[in-house]
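In: Could you look at this predicted model? Sequence included:
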Amino acid sequence: MAESGTVAITFIRHGESEDNLRPIWAGWRDTPLSELGTKQVKALGSSLSSTRFDIILSSTLRRAYMTAKAVQEAQHEPKPEILTSLLLREQTRGIAEGHPWITEPRLGLSLEEHYAQGLFPIHHERWQKFPGGESLEDLELRANKAVKEVILPHALTLSKVRKPKTHIAVASHGLLIAEMIPALLKLDPTSSEPHTTYRGMLNSAWARVTVEIVGGHDRDERWPDMRVRVTDFNSHAHLNSIVPLSTGSEKRDSVQTFAGDEEDSIAIQAEQKVN
């Protein structure tokens, strides 16, 4: 059966968490928003209050759910429902969670000796991971699953009811969002963007992807023919109204969020110092 309509998906990175204030690996650690993070998401909600969301999907972790709640509370009645999914959680760091990160391995120590001493070096390759954790390759697989099992089913169901336009918010985490956007783009055979890097979102920033359902189905007849386009990325004008607290969290956050691509991390830290 042919389908048509346009679905907008707004990916929202959570506000600053208490773990963003510390030089540790966070991952699935379930810490709440910091004082600044609470201000960030309140400003975010106000800035998006004129954008009507049909549903809000959220990670189960508190920093993302609190962000989703702030967006929901600023919406006009009837307020959109929030649905949570474990698939929308951040990359887990396994045994490293709660422990400090170090930028480079210590000379003369094996990885096992690093771990025994509570030292967990930043990874620079997509296949690397800590014991019990996920690599970026693992995260990519989970992002594909989140798109196909969580986001798209809601998008397609809502588009049938609310044609011609549907809008979904997804409150999640920087590294996972950076994998979910390409996962969507890869479903569009005409897209030239799947290999673009979508890292660099600040706390409480958002990105928007539009999915135009043009009718027909792909080869396995599971998904309709779609045209996918990124219209906004790292939008954070709402932060201009907030007086930042003197926490020095920007550098710590950039390491946790962008580790795995050293050049990106350095560039992003430089951008944050300028902005």
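Out: Arrived safely, thanks for sending.
In: What ranges does this protein have for its strands?
Out: 5-13, 55-59, 81-85, 101-102, 120-121, 165-172, 206-217, 224-235 (DSSP state E).
In: could you redo those as CSV and give each row mean pLDDT?
Out: Formatted as CSV, the strands of the chain follow (pLDDT from 0 to 100):
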stretch, mean pLDDT
strand 5-13, 94
strand 55-59, 98
strand 81-85, 98
strand 101-102, 90
strand 120-121, 94
strand 165-172, 95
strand 206-217, 84
strand 224-235, 92
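In: export those to CSV and tack on mean neighbour count and distance to R199?
Out: For glycine as for every other residue, the C-beta is placed from the backbone atoms N, C-alpha and C. Output for these, formatted as CSV (neighbours: other Cβ atoms under 10 Å; distance: least, Cβ to Cβ, whole Å):
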stretch, mean neighbour count, distance to R199
strand 5-13, 24, 11
strand 55-59, 24, 18
strand 81-85, 15, 22
strand 101-102, 16, 17
strand 120-121, 22, 19
strand 165-172, 25, 14
strand 206-217, 19, 11
strand 224-235, 18, 9
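In: how about the ones you listed in JSON lines, adding distance to T196?
Out: Output for those, formatted as JSON lines (distance: least, Cβ to Cβ, whole Å):
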{"stretch": "strand 5-13", "distance to T196": "14"}
{"stretch": "strand 55-59", "distance to T196": "23"}
{"stretch": "strand 81-85", "distance to T196": "25"}
{"stretch": "strand 101-102", "distance to T196": "26"}
{"stretch": "strand 120-121", "distance to T196": "28"}
{"stretch": "strand 165-172", "distance to T196": "18"}
{"stretch": "strand 206-217", "distance to T196": "11"}
{"stretch": "strand 224-235", "distance to T196": "8"}
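In: Which among those is found nearest to D188?
Out: strand 224-235 (4.0 Å; Cβ to Cβ).
In: quick check: angle from the closest one to strand 5-13?
Out: Between the axes of strand 224-235 and strand 5-13, defined by axes from the mean of the first three to the mean of the last three Cα atoms, to 10 degrees, the angle is 30 degrees.
In: Also compute the angle for strand 224-235 relative to strand 206-217, please.
Out: Going by the same axes, to 10 degrees, strand 224-235 makes 170 degrees with strand 206-217.
In: Which of the strands of the chain sits closest to S192?
Out: strand 224-235 (10.6 Å).
In: about what we covered before: closest to S34 out of the strands of the chain?
Out: strand 5-13 (14.2 Å).
In: tell me the angle of that closest one relative to strand 165-172?
Out: Interaxial angle, strand 5-13 versus strand 165-172 (the same axes, to 10 degrees): 20 degrees.
In: Return the list of helices and strands in contact with strand 5-13.
Out: Strand 5-13 is packed against helix 62-73, helix 152-161, strand 165-172, helix 174-185, strand 206-217, with contacts defined by 3 or more Cβ pairs under 8 Å, 6 or more residues apart in numbering; DSSP states H and E.
In: give me that answer again for 7 Å
Out: Judged by 3 or more Cβ pairs under 7 Å, 6 or more residues apart in numbering; DSSP states H and E, strand 5-13 is in contact with helix 152-161, strand 165-172, helix 174-185, strand 206-217.
In: how about the ones you listed in TSV, adding distance to L57?
Out: Conversion of those to TSV gives the following (distance: least, Cβ to Cβ, whole Å):
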stretch	distance to L57
helix 152-161	7
strand 165-172	5
helix 174-185	11
strand 206-217	13
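In: Out of the ones you listed, which is closest to H123?
Out: Of these, nearest to H123 by Cβ to Cβ is helix 174-185, at 11.5 Å.
In: follow-up on the earlier one: out of the helices and strands packed on strand 5-13, flag the one nearest E140.
Out: Of all the helices and strands packed on strand 5-13, it is helix 174-185 that lies closest to E140, at 5.0 Å by Cβ to Cβ.
In: Correct me if wrong: V228 contacts I213.
Out: No: V228 is not in contact with I213 according to Cβ atoms under 7 Å; the separation is 10.3 Å.
In: closest one to G200 among the strands of the chain?
Out: With respect to G200, and counting by Cβ to Cβ, the nearest of those is strand 224-235 at 5.8 Å.
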